[in-house]
Every structure is written in structure tokens, then in C-alpha cells.
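**Student:** The sequence and its predicted three-dimensional model are supplied below.
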Amino acid sequence: MTKKYVTTAIPYVNGKPHIGHAVDYCLADVCARYYRLLGDEVRFQAGTDEHGNKIFQKAEDLNIPVQEYVDKNSEKFKEFIKLLGISNTDFIRTTNQEHERRCQEIWRRLASHIYLANYEGWYCTGCERFVTDKEYEENDGVCPDHQKPYEKLEEENYYLRIADFKDEIKEAIVSEKMKILPEFRKNEILKLLDDSPDVSISRPKSQLTWGVTVPDDENQVMYVWIDALSNYITVLGYPEEEISAWWPAAAQFVGKDILRFHAIIWPAMLIGLDLPLPKVLVSHGMILADGQKMSKSIGNVVDPLEVLNKYGLDAFRYYFLRHIDTFMDSDFTWEKFESAYNNELANDLGNLVQRLAVLASKNGVKLDKHSQLEMSVEYRELMDNFEFSKAFDYVWVKVQNINRKIDEDKPWVLAKNGEVEKLRNCLNSLILELLNVNYMLSPFIPETAEKISKIFDGKIEPPEMPLFPKS
Ligand code: MSP
């Protein structure tokens, strides 16, 4: 049995979860469930990022003690993960004391690559990111993602000497020892890496107190990204515990907006710690609402709980894993969602299960003992390459093919004509095909897959309620 480690980006807790946050979780969950089908033992981290300016300011604005504020919001993410059926094995919070202590130890171990200097430049609190003069000029001093002017900072900071690691990171990306997906993002990152200055990795406490204190310097706290990126290994117990059974991660899932932190700062930290780099960084696209970035000011933020309460867990996962492209930006609209639900989930899959179960139970057909369920080679290839939305499309064509085959084979005619043996064979082969397809669907819509398995296990009983009642 191979051990595999899968990670998700840990969201900031300066608000409640939105549908965009579901993407990391759902993709990583498909990956984890797929590895388990292959027989691997999987460790799967999720968690919350709870330090930094953005969160501190929000708690201040709301006049709530910041720890109380992050406790409350972290819980909302935990509940959200449960509602999405995510099979994570670990949940880490960056305000956890163990995590903070481990971050300090990580800092100590990186000390030979860290130096103190004056910083004079720009910062975006929305991104929690220092911005180069070139970017400042290109964007006319306003962050394009947050539509807020960059803040001028003049302070003493610790720096991580990225120059110490550039060649090794570059080599790892080019040779695909650390693979970046999708492929076209690789060149973007190589260019950023070439231009990357040393990174400021602390803030003076006079400016920000909400963070992990820099070891041996009471006047500084760590830059939130140093603390956040460390979560991937502190959750495994680093540095006290031996992590080589799990680390390097088999796959780390992040949005394209934060790939740069994971492909530059994170590998620099790992090399500095003498740890191997993750095998794959999978960067997904953004979910847009009606073609636009979701934002509170536009008023187009879609509440995931509304979708989940109205349509259920697997309807949510179905849309977000099939119609939201794994790598590219994709749109969410209620119209598209409802059409996918009614025409695909309810018609293609729900009706298929109902039809086959009714035919089998009416005619007293029981399933023959069958051999091991199998994943096809095409499916394996797509899944191994993290092409999850394509793999889901591929399986869905198989669902539609079974529907077509029923219409061609017309088992109801066989039943009417009393052709018992032919009917039994026909239903047997259709149901076996369905169960095999169901096996490949199981990483995507696990709850439904389990229901389908149960329906056809032993005495076949049609479900009392349709799997996906029409809306
Ligand atoms: N706290 C950092 C991550 C630290 S990881 C060591 C952060 N948090 S976030 O809340 O802004 O984003 C969390 C994840 O959600 C990121 O992977 C981000 O790309 C993803 N998404 C946030 N909005 C999104 C969409 N609208 N669509 C898809 N994913 C989006 O960054």
C-alpha cells in the first residue's frame, strides 16, 4: 500500500465560505478518493488561515476580539467541509499553539537564509502581498483584484533570500520534479521566478500584532504566508515528527491566484529546510458568477449553503466537478446549474437507475455474481493527470450510452414476450455496466454512488424516492 498526501489551500477566515472555496476542497477530495480506490493510504489536510492584517482589521471593524472572531469563522469552514462530503483526515488552524511553535522552529532552521533590512515599498492587504515597483506602476497604484490602492510601507523587515534557491527551484520546475499543472502556468511561474526579489517575511509589531512572533525578536511577527505555507508540514508534526512517510505531497491543490506563493516561496522554504518539493502543484481556475468576479459590492456572491440546502450534496459536487473546468475559469449561474441538475443528474442518471431497478425487481431478476469492478484505461489516464472535469465527462458519456443501450435492447419487450433467459442476460449486462460506471463516479459523487451500489446489491429494490427529484 502506497502512502499519499493531498493538500488544500487554507482559506482566510475574514468571512464565511463562498462557492469559490469549494473548488480546492472538491478537487482534492476527488483526488483522495481516487487514490483510495487504487488502494493507497491517504492523508488529506484542510484547515484555516487565521493570521494577518486582513483578518485583524475585519475583527476590529466588527468590534469582536480577534481570537473569538477566528474561532467562530473557522468553525464555519469546518462545517462547510462536512456538508461537502470532504474526506479530509486532518484539519489545521494556524492559531493553534502547536502550529505556531513549529513555525518558529521552521524559522530558526531557515535562519542562514534570512536577513534584516529596511523595506520601503507597497503592500496589498487584500492579497496579503508585497508588490514590486514595476507592478505598482503597471496597475497605477491600485490592486486589480481588490480595487484598493496599495499601501506604502516603510519599515524594518526580515527577508528570505530567494536568490539562494532560484536555480534549484527552476531546475525542479523545468525537469518536472515539481510538476506545475496546467502546463501553461509553468512559463508564467518561471518568468516570475526570474524577476523575483528576496521576499519580506515579517512585519513589525508596531504595525501588526496578529501573527506568530519571530523567534528571538519580540518586535516582529511573521509574514502571514510564511506561517500559512508551513501548515502543510506542521500538520504532519514537523519538525519533531518524522514526516517522510507522507512528505513530499503527492498533490497540492491551489487557486491560480496563489500559485506564485506555492511555486516560489514554498519551494524556497522547503529547500532551505532540506525537504523534498511536492510532486505536483495543481492550480485551478476561478469561479465567476454570471461572467464576473464574485464580490460583495457587485452583490453577486453565491451562497454555497443555498445550493446545498436546495439541491443536496452530490448535485453541488456534480456541477462543481464537471461544469467547472478543473484548470480554467468557469461560470456559475443558477440557470446553468438547474439545467445540469434536471437534464443530466435527474434524467441521465436518476432515471437510468430507476428504470433498471424497476425492470429487475418486477421481473424478479437478481444480479449474477460479478467480477471485480474496473476503471478503464482512459479514465485512469485522465485521473492520473488530474484532468478531473474531463474524466467526469468521459464517465458521463458512459452513463448516456447505457441509456441508449436500454432503448435499443428494449428489455420491456423481452418481458412482455416471456423471453426470461434473454431478459435476465440483458438486465444483468446493463446493471453490471452501470455498476462499473458507478465505481468510476464514486470519487465525484460518493453519496449517490453508495446509494446505487446498495440498490443493486442482493434483492433489487427501486428507490422509494427518485435519486434526484426534478426541481
Ligand atoms: N489563505 C490563503 C491561502 C493559504 S494556503 C497556504 C488564501 N485564502 S483565500 O481564502 O483567499 O483562498 C482560499 C482558496 O480559495 C484559494 O485556493 C483560492 O484560489 C480559492 N478561491 C477563492 N475564490 C475563488 C473563486 N472565486 N473561484 C475558485 N477558487 C477561489 O488565499
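**Tutor:** Perfect, thanks for sending it.

**Student:** now the strands: where do they sit in the stretch 201-350 of the chain?
**Tutor:** Using DSSP state E, counting those that start in this stretch, the strands of the stretch 201-350 of the chain run over residues 202-204, 220-222, 251-255, 280-284, 287-289, 292-293, 330-332.

**Student:** what residue ranges in the chain are flagged as low confidence?
**Tutor:** 296-297 (pLDDT under 70).

**Student:** for the strands of the stretch 201-350 of the chain, which one sits closest to the ligand?
**Tutor:** Across these, the ligand has its closest neighbour in strand 251-255 (1.6 Å, C-beta to the nearest ligand atom). C-betas here are computed from N, CA, C, even on glycine.

**Student:** Can you confirm whether the closest one lies near the ligand?
**Tutor:** Yes. Residues of strand 251-255 are located near the ligand by C-beta under 6 Å from any ligand atom, namely V254, G255.

**Student:** who does that strand pair up with?
**Tutor:** strand 3-8 (parallel), strand 280-284 (parallel) (DSSP bridges).

**Student:** if we compare these, which one ends up closest to C124?
**Tutor:** For C124, the closest of these is strand 280-284, at 19.9 Å, according to C-beta to C-beta.

**Student:** Which residues does that closest one contact?
**Tutor:** 23-24, 27, 178-182, 185, 250-256, 259, 262-263, 326-327, 386 (C-beta atoms under 8 Å, 6 or more residues apart in numbering).

**Student:** Could you do stretch 420-437 as well?
**Tutor:** 352-353, 356, 359-360, 363, 365, 367-368, 370, 373-374, 395, 398-399, 402, 405-406, 409, 411, 414-415, 452-453, 456, 460.

**Student:** what's the answer for stretch 226-245, then?
**Tutor:** 3, 5, 7, 10, 43, 45, 47, 49, 51, 90, 92, 94, 98-100, 102-103, 105-107, 109, 160, 201-202, 211-212, 246-247, 249, 252, 261-262, 265-266, 269, 275.

**Student:** so who does the residue lying closest to T333 once chain neighbours are set aside touch?
**Tutor:** Ranked by C-beta to C-beta, 6 or more residues apart in numbering and with sequence neighbours excluded, the top spatial neighbour of T333 is D290, at 5.6 Å. Each residue near D290 by C-beta under 8 Å, 6+ apart is listed here: N300, D331, T333.

**Student:** if we can go back for a sec, filter the contacts of stretch 420-437 down to just the ones in helices.
**Tutor:** 352-353, 356, 359-360, 395, 398-399, 402, 405-406, 409, 411, 414-415, 452-453 (DSSP state H).

**Student:** Mind checking which of those are buried?
**Tutor:** 352-353, 356, 359-360, 395, 398-399, 402, 406, 409, 411, 414-415, 452 (16 or more other C-beta atoms under 10 Å).

**Student:** before we move on, the earlier item: could I get the strands of the stretch 201-350 of the chain as a markdown table with mean neighbour count and distance to N73?
**Tutor:** Listed next are the strands of the stretch 201-350 of the chain as a markdown table, based on neighbours: other C-beta atoms under 10 Å; distance: least, C-beta to C-beta, whole Å:
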| stretch | mean neighbour count | distance to N73 |
| --- | --- | --- |
| strand 202-204 | 23 | 22 |
| strand 220-222 | 24 | 20 |
| strand 251-255 | 23 | 19 |
| strand 280-284 | 25 | 23 |
| strand 287-289 | 19 | 20 |
| strand 292-293 | 12 | 22 |
| strand 330-332 | 18 | 23 |
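
**Student:** could those be laid out in TSV, adding distance to H146?
**Tutor:** TSV is the format used below for the strands of the stretch 201-350 of the chain (distance: least, C-beta to C-beta, whole Å):
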stretch	distance to H146
strand 202-204	18
strand 220-222	22
strand 251-255	15
strand 280-284	20
strand 287-289	16
strand 292-293	10
strand 330-332	21
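
**Student:** picking that back up, can you lay out the strands paired with strand 251-255 as CSV showing distance to the ligand?
**Tutor:** Formatted as CSV, the strands paired with strand 251-255 follow (distance: least, C-beta to the nearest ligand atom, whole Å):
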stretch, distance to the ligand
strand 3-8, 7
strand 280-284, 6
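
**Student:** Mind putting these into JSON lines with distance to V420?
**Tutor:** Shown next, in JSON lines, are those (distance: least, C-beta to C-beta, whole Å):
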{"stretch": "strand 3-8", "distance to V420": "48"}
{"stretch": "strand 280-284", "distance to V420": "51"}
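
**Student:** right, and those strands - which one's nearest L305?
**Tutor:** Across the strands paired with strand 251-255 (criterion: C-beta to C-beta), the nearest stretch is strand 3-8, sitting at 19.2 Å.

**Student:** Which is the succeeding secondary structure element to that closest one?
**Tutor:** Using DSSP states H and E, the helix or strand that follows strand 3-8 in sequence is helix 21-37.

**Student:** Let's see that following helix as CSV, backbone CA atoms only.
**Tutor:** Taking Å, rounded to 0.1, in the frame of the first residue of the first chain, the C-alpha atoms of helix 21-37 are listed here in CSV:
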residue,chain,number,x,y,z
HIS,A,21,-13.7,28.0,-1.6
ALA,A,22,-15.4,24.7,-2.5
VAL,A,23,-13.1,24.2,-5.5
ASP,A,24,-10.0,23.3,-3.7
TYR,A,25,-11.9,21.0,-1.4
CYS,A,26,-13.8,19.2,-4.1
LEU,A,27,-10.8,18.7,-6.3
ALA,A,28,-8.6,17.4,-3.5
ASP,A,29,-11.4,15.2,-2.3
VAL,A,30,-11.8,13.6,-5.8
CYS,A,31,-8.0,13.0,-5.8
ALA,A,32,-8.0,11.5,-2.3
ARG,A,33,-11.0,9.2,-3.1
TYR,A,34,-9.4,8.1,-6.4
TYR,A,35,-6.1,7.2,-4.6
ARG,A,36,-8.1,5.2,-2.1
LEU,A,37,-9.8,3.3,-4.9
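
**Student:** Which one of the residues in the stretch 51-200 of the chain is closest to the ligand?
**Tutor:** Per C-beta to the nearest ligand atom, E128 is where the stretch 51-200 of the chain lies closest to the ligand, at 7.5 Å.

**Student:** quick one: secondary structure of A172?
**Tutor:** helix (DSSP: H, G, I helix; E, B strand; the rest coil).

**Student:** Number the chain from 150, please
**Tutor:** OK, 150 is where the count begins now, so the last one is A321.

**Student:** How about the contacts made by it?
**Tutor:** Here A321 is in contact with M327, P416, L426 (C-beta under 8 Å, 6+ apart).

**Student:** wait, R242 sits on H248?
**Tutor:** Yes. Assessed by C-beta atoms under 8 Å, R242 is found in contact with H248 at 7.1 Å.
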